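Enquirer: Predicted structure and sequence below. I'll ask about it afterward.
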Amino acid sequence: MKIITSFVHPPIPYRGSDWCAYLESKVEDGRSYGWGETEEDAKADLGSKIVDRVADRLFEMAEQHLIEPEVYEECQHDLFGLTYVPW
């Protein structure tokens, strides 16, 4: 899956949203975008949002007993070891 970045540079004094990153097959839900002052910051923000979404889905699956508690714990441990995925 390809990450697309764009230099947006909105006409506001805040520079924390100059760059936008999203997956090539993005979903128009607002959660599929990463924002940052630099291109790398935007990619890191996107990666963080993806990890959060996966964690939420794991929790839902555990709550619905679709996965065993041990599997949930192992996935949580592995998932939260990801702080930044180099694209």
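Expert: Cool, got the structure.
Enquirer: Can you pull the phi/psi pair for Gly36?
Expert: phi -170, psi 170 (degrees, to the nearest 10).
Enquirer: The closest residue to it other than its chain neighbours: which element?
Expert: Spatial nearest neighbour of Gly36, excluding adjacent residues (C-beta to C-beta, 6 or more residues apart in numbering): Ala42 at 3.8 Å. Placement of C-beta: from N, CA and C, glycine included. Assigned by DSSP states H and E, Ala42 belongs to helix 39-63.
Enquirer: returning to that earlier point: tell me, how many neighbours does the residue nearest to Gly36 end up with?
Expert: 26 (other C-beta atoms under 10 Å).
Enquirer: Quickly note the distance from it to Asp78.
Expert: The spacing between Ala42 and Asp78, counted by C-beta to C-beta, to the nearest Å, is 25 Å.
Enquirer: Same check on Glu60?
Expert: Applying C-beta to C-beta to Glu60 and Asp78 gives a distance of 18 Å.
Enquirer: Same check on Lys2?
Expert: Lys2 is 24 Å from Asp78, by C-beta to C-beta.
Enquirer: Kindly report the same for Ser25.
Expert: 24 Å.
Enquirer: neighbours of Asp18, just the number please.
Expert: Neighbours around Asp18, by other C-beta under 10 Å: 19.
Enquirer: what's the answer for Ala21, then?
Expert: Neighbour tally, Ala21, other C-beta under 10 Å: 25.
Enquirer: any idea of the pLDDT on it?
Expert: We have a pLDDT of 94 for Ala21.
Enquirer: which regions of the chain sit below the pLDDT cut-off?
Expert: Applying pLDDT under 70 to the chain flags residues 26-31, 82-87.
Enquirer: can we see that at 50?
Expert: Along the chain, the model assigns pLDDT under 50 to residues 87.
Enquirer: Please report how far the nearest residue to Leu23 once chain neighbours are set aside lies from His77.
Expert: Among residues not flanking Leu23 along the chain, Met1 sits closest, at 5.4 Å (C-beta to C-beta, 6+ apart). Look at Met1 and His77: by C-beta to C-beta, they are 24 Å apart.
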